[in-house]
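Asker: Any chance you could fold what I've pasted below:
(chains A, B, C and D)
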Amino acid sequence: MTDYNSMELMICVAARFLENGASIVVGTGAPCAAAMLAQRTAAPDLLMLFEAGGIAPELPTMPVSVGDSRTTHRALMASSMTETMSLAARGMVDYAFLGGAQIDMFGNLNSTMIGDDYNRPKVRLPGSGGACDLATNCWRTIVITPHEKRRFAAKVDFVTSPGYLTGGNSRYEAGLPKGSGPYKIITNLAVMGFENPERRMEVESLHPGVTIEQVKENTGFELLVSKKMKATKPPDATQLKILREQVDPHRYIIGR
Amino acid sequence: MTDYNSMELMICVAARFLENGASIVVGTGAPCAAAMLAQRTAAPDLLMLFEAGGIAPELPTMPVSVGDSRTTHRALMASSMTETMSLAARGMVDYAFLGGAQIDMFGNLNSTMIGDDYNRPKVRLPGSGGACDLATNCWRTIVITPHEKRRFAAKVDFVTSPGYLTGGNSRYEAGLPKGSGPYKIITNLAVMGFENPERRMEVESLHPGVTIEQVKENTGFELLVSKKMKATKPPDATQLKILREQVDPHRYIIGR
Amino acid sequence: MKAVYEGKGALFMDPDPDAAREHFRKKNREMTGKIMSVRDAVAKFVPDGCYVAIGGFGGVRVPVAAMHEIVRQRKKGLGLSGHTATHDFQILAAGECFDRCDVAYIVGLEARGVSKNARKYMESGKVKCAEWTNAGMAWRFKAASLGIPFLIGRQSLGADSIKWSASKIIECPYTGKQFATFPALYPDVAIIHVNDADIYGNSVIKGVSIADEDLARAAKHVIITCERIVDTEEFRKDPHQVMIPYFCVDAVCEIPYGGYPGNMPFEYFSDEAHLKEWLEIEEDAAAFKKFLDDNIYNVKDFGEYLERHGGIERMKELRKLEFITDAGFEA
Amino acid sequence: MKAVYEGKGALFMDPDPDAAREHFRKKNREMTGKIMSVRDAVAKFVPDGCYVAIGGFGGVRVPVAAMHEIVRQRKKGLGLSGHTATHDFQILAAGECFDRCDVAYIVGLEARGVSKNARKYMESGKVKCAEWTNAGMAWRFKAASLGIPFLIGRQSLGADSIKWSASKIIECPYTGKQFATFPALYPDVAIIHVNDADIYGNSVIKGVSIADEDLARAAKHVIITCERIVDTEEFRKDPHQVMIPYFCVDAVCEIPYGGYPGNMPFEYFSDEAHLKEWLEIEEDAAAFKKFLDDNIYNVKDFGEYLERHGGIERMKELRKLEFITDAGFEA
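Answerer: This next block holds a predicted model:
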C-alpha cells in the first residue's frame, strides 16, 4: 500500500475526473496540481485555461497568481480575461475548480463575507474574483475543500458562487445555463455529487478508512448517501510519483 | 490665378475644414485625399483612422479598400473594426466623410436602394457599410458629392445614414448622440451647412464663378441661403502642388 | 423587457446562447491535426442551406480559393453575411449559391465600382435580405463571441435599415435613452483566410483583423485557409501572436495566394487588372458565363486558376507591389 | 425597458455614454510628449475623491510605484475598482486612501494569503462597497469602451452579489431569458503598468492583458507607467504590438521595476519574500506603521524603495527567476 497525505489524495481523486480533451479553468494551488497531474497521466490533451488570459500553457511550475508569468509559459495565447470568461459563457469550458469559506447542501459557495450585515461584515473575505463567473458558465464545477462542519453550513452567509440555489430546477429558473452546475465536492473524507432530482449533496464515495458517520459528523446539514456509494479509489503509485516529482517537487501544495 | 478642376477644388475645400489635432475616419477616394492634404498642410497631427482597423498610418498612396495594406503602412495599430467603431461611439472621432446616391435637405443619405419596395429594389446599392455607424457616432460628418438634382432629392428612397432626420431636434429624439450630425456638404458648386434651428441645408459659400441660381437649379428641394454667405476660398498654389505631387501623383482621384 | 420598436427583418439564425452552448459543448478541444484540402473542407463543412460568414473585408484577406470551391461544388441555398463583402460576394453571387443575406455592404467593390451581375442577382427577388451596418454586424459577432444574446448600440437608430433588420429599440434601464439591439449571430460556418496557421488551427492574422477574432469564436464551424503552415513551436515561443486558437477551428487548408486576386496584408497586393476584368466582363452575360467556366467551373483547383493568371511570376509581381508601396494601386 | 429586478448597490460612476462623450470630445489627439514623473502624474490626475482603476491583476503587472505615490501624497476619499486587486489594494488600504469600492476580489493575495490590515479596513465600516465579479467588472469596462451604457451577462444571476451591486435583471427580448446588466464604468483615471511605451503613450503589454485594453479606453484619464521608453519607430515597424494607443493616454512615466515586488511578465518575477514580509508585519500594528514609514512615507521616491530592497542586485535575481522558470515561486 502506498502512503499519501490527504492533500495528495484529494489532488489524485480530482485529477481522475478530468478526461482527455476536456477544457478547464485552473486556479492556483490544489486545482492546478490536479490539472497538471491529469495532463501527465490520462488526459494529455486537457486544455488548460487561466481566468486572466493564459491559454494552453506548458506550466513549468505552480503559478502563484492566476495571472502570473507561469500561466503564459509556452502558452498558445496570452489573452485577456474576456477571452477566458467568454469561452465559458459560450459553453467551451467543461470544468472549473472553485472554493469558499462555506458551502451548503446545494453546492452554493460563499467567499464574500461572514456575518449578516453586508455593510459591516464580521469577516470580510476576498469576494467572487472569477468564481461566480465560472460557477455560472462552466459546465461542471468541482470543489476541493477540507471537510469541516463550519464550512459545510446549513446556510451560507452569502451566495458568492451559485450552485443549485434552493435545489431542483431553481438554478435554471434563475437564468443560469441549462445543464451547468456543481459536479463533485472532494474533501479529505469523501467525494460528493448532486445526481438526484433535488440536486442535494450526496456522498458518492468514502475515502479509505473513513466511515459515513465521520462524514456526517463533519457536515452541518443533512447529507444524502448514494445507493451506489463505493470506496474512493486511492491514489496509485504512478499518480503519486508524477505528483511528487513533476507537478509539485517543491511541495508547495502537497506539503501543506 | 491658379487653374484647377472641380475635384481638386472639393478636396482642397474639404481639407481646410480639418483642423490640427482632430481625428477622422477616412474612406477611399476624395475623402482620403482631403485628409492626406490636410496632414501635409495645416493639420500634421490629424489622426487618421480607417473603419476596418488601421490606426494612424503614414499612407504611402491611396488605399483601394478601407481595409487594405496601405491603411496599416507604418501605422501605430493594425486593429479591428470594433476598435474604430467604438472609438466613434465613445466620442473620440471628430470627423467622418460620407457619400450616397441621394441626400435630402436634412442631410439624410441613401446608399441602400432606389425604388419603393425594399424586397424588389429598382437599383440595389451597396448598403450602409460603415456609413450609418459613422453618421451615428462621429461628431461631424462631411459629404463630398457632385451637385445634381437627382442626388439632392426632396425625399431619399431609404435613410441609410441618418442626418438631422426630419429636422429640429428629431435626430436627438431618435436617440442619436447629442451634438453629432452633418456638418458640411461640399459639391462642385458650393459649400452647405446646417447652422440653423430647423437643421436644414443652407448655402454657406459659392465656389468661384457659381451663382446661387445655379445651385438652386441643381437641387431637388428648397435650399436655405446663409445671411453670411460668402465666396469659397479657392485652392491655393501650395495646396494644389502638394495634392498633385504628393497626395495623388497618379491622378487616381483628381484625374476623374 | 418590452421593446419600444421591433424591426420586421428576418432573423436567419437563432441568437440564443443556450442553443450555441449545446453545440460548443461537443466541439473538439484536443490538439488533433486538421489539415485537409479546401475541396474536402467545403464538402464537409458547407452543406447546402447552411449559413456562411466570410472573414476579411473589401477584397482584403478574403478566402477566395474557398469561394471558388463553393461555386465549383455548386452549393445552393446558403445564408450569407454580407459584411463589406466585395469580391467574395461577387463570386458567390455569380454561382447563385445563396438565397438569404444579412446585408451591411454588398454588390460594390469600394473604389473599384459595382458588380453588375451581383447587383442583378440582388434585384432579382431571389435573395431574401435583412439590412444591417458594418458595426451592427461586428456587434452581432461580438455578442455571439461573448455568449450573450444581444449587444446594444446606437447605429441604425433613425435609419430605415432598422425596419428591415431584426434589431429592436429598447430603453436603457440606467439612462432611459434609446438603443438598438443587435442579436448574436452564430453562423454555421466561418471561412477565414490567415497568414500563418499550424496543423491544429492556431492562426495568426497580419494587418487589420476586421471582426474575424469574434467571427471565429461565434461560428459553429471554422475553416481556416492559410498562406502557410508553420510549426506550433513558433507560436509557443511568443504567445502574443495567435488570434484564433485551435479549439475554434475544424479545418486547416494551406493555400498559398489563397486570397488572390485580393490583397493579403504583408504578403501580396491585389491584382487590380484582374478585378477590373471581372467587373467588365459582367457587362456581357454570354462572355461572363464563359469567363466563369474558364476560371471556376472547368478549373481543377485554385492552383490551376493561379496558373491561368500568370502563376508564380504574377504572384512575385504582386508581392513586390505589397512592399513597394509608392507604386500605386493600378500598377 | 422595465427591469425584472434591481440590485440596491451603489453606482459610483455615471454609466451614460453621452457624459463620457463630452469628456472624450475634448481629449487631446495630437502626438504630444507626455513624459512626467510619477509624482507629477499622480498630483495632476489623481485628485482627492476621484475614482481610480488599476491595471494588472493579482500582483501581476501592477503599477506599484504609482500606488506608493498615491499613499505618499496622502490622497483621500478615492473611489476604487477592486478587480482582483491584491498587493495594490493592500497598499492603498494601508494609506486609507479610498472610501468606496467596486469589489470583485479584494483583501486577499490569492495563494499568498490575506492582508490582515486590508481586511480590517474593509470591516471598519469606513468603505462603502458594491459587490461584483471579475467578469462583471471586465464587462463594465468593455461596455464603456464600446460606448454603450451596459452589457448583459449571466454572472451574478442567483448570487447574492447582485443584491449589493447596481446590476439589474432584464428579460432578453429575443429569447425571453433572464440576464443581468453590467453598467458601463468610466473611471476618472486608470493607472496601468506596461512593458514598453513611447513618449506619446503608445503602449505594449506582454503577457496577459486582463481587461486593460478596455480599461485604457474606458478611463477619462490614463497614466501609463512603463518599464522602458522606446522609440515610436519600433511600433511603426510592426503595427501589431500596440495595445493602448497614445490618444487614450495622459501621462507616461518611465519607472524600471515599477511593478516590484509584483511579477512583471517577460521582465521579472515577484519578490515573494518581500510580499510575505508585508503580510506578516501587518499582524503588528506598531511595526506596520513603522514599516509604512520606512517603505513609503519617509522614502523620497520609488527608486529609494528599490534600493532598500536590494537594489539592482535583487532585481537581477528576480529577472533570473522570471526566465529560469523551474525555480519555483519561493526562491
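Asker: C-alpha from now on. contacts and neighbour counts both.
Answerer: Will do.
Asker: ok, the closest residue to chain B within the stretch 151-256 of chain A - contacts?
Answerer: Residue of the stretch 151-256 of chain A nearest chain B, by CA to the nearest CA: residue A:177 (27.6 Å). If you count contacts by CA atoms under 8 Å, 6 or more residues apart in numbering or on different chains, residue A:177 has them with A:136-137, C:18.
Asker: Neighbour-wise, which one of those residues leads?
Answerer: Using other CA atoms under 10 Å in any protein chain shown as the neighbour test, these are led by residue A:137, with 32 neighbours.
Asker: next one: phi and psi at that residue?
Answerer: Backbone geometry at residue A:137, expressed as degrees, to the nearest 10, gives phi -110, psi -20.
Asker: Do a quick rundown of the helices in the stretch 151-256 of chain A.
Answerer: Assigned by DSSP state H, counting those that start in this stretch, the stretch 151-256 of chain A shows helices spanning A:170-173, A:212-217, A:237-242.
Asker: hmm, the shortest one touching chain C?
Answerer: Going back to what we said before, that points to helix A:170-173. No: contact of helix A:170-173 with chain C (CA under 8 Å from any CA of the partner chain) is absent, the minimum separation being 11.5 Å.
Asker: does chain D sit close to that helix?
Answerer: Yes: using CA under 8 Å from any CA, helix A:170-173 reaches chain D at residue A:171.
Asker: just checking, residue A:57 touches residue A:78?
Answerer: No: with contacts counted by CA atoms under 8 Å, residue A:57 stays clear of residue A:78, the gap being 9.0 Å.
Asker: any shared contact partners between the two?
Answerer: residue A:72.
Asker: So between those two, which is more surrounded?
Answerer: Ranked by neighbour count (other CA under 10 Å), residue A:57 and residue A:78 place residue A:78 first, with 30 against 21.
Asker: Wait, that one touches residue A:51, no?
Answerer: No: with contact defined as CA under 8 Å, residue A:78 and residue A:51 do not form a contacting pair (11.1 Å).
Asker: on that earlier part again, and the pLDDT for the residue of the stretch 151-256 of chain A closest to chain B?
Answerer: At residue A:177, the predicted lDDT confidence score is 98.
Asker: That one and residue D:177, how far apart?
Answerer: 10 Å (CA to CA, to the nearest Å).
Asker: Phi first, then psi, for residue C:226.
Answerer: phi -140, psi 160.
Asker: can you pull the contacts of it?
Answerer: C:193-197, C:252-256, C:258.
Asker: what does the stretch 1-150 of chain C have sitting close to chain A?
Answerer: So the stretch 1-150 of chain C meets chain A at C:17-18, C:20-22, C:24-25, C:27-31, C:144-148 (CA under 8 Å from any CA).
Asker: Please list which of the contacts of residue A:177 also come close to chain D.
Answerer: Counting by CA under 8 Å from any CA, the members of these that reach chain D are A:136-137.
Asker: now the helices for the stretch 1-150 of chain A?
Answerer: A:6-16, A:30-39, A:81-89, A:131-137.
Asker: I'd like the mean pLDDT over the shortest one, please.
Answerer: To tie it back to what came earlier, the one meant is helix A:131-137. 98.
Asker: is it up against chain C anywhere?
Answerer: No: using CA under 8 Å from any CA, helix A:131-137 stays clear of chain C, coming no nearer than 9.5 Å.
Asker: hang on, residue C:199 packs against residue C:229?
Answerer: Yes: counting by CA under 8 Å, residue C:199 touches residue C:229, with 6.7 Å between them.
Asker: count of neighbours near residue 142?
Answerer: Picking chain A for this. 23.
Asker: wrong one, I was asking about chain C
Answerer: 27.
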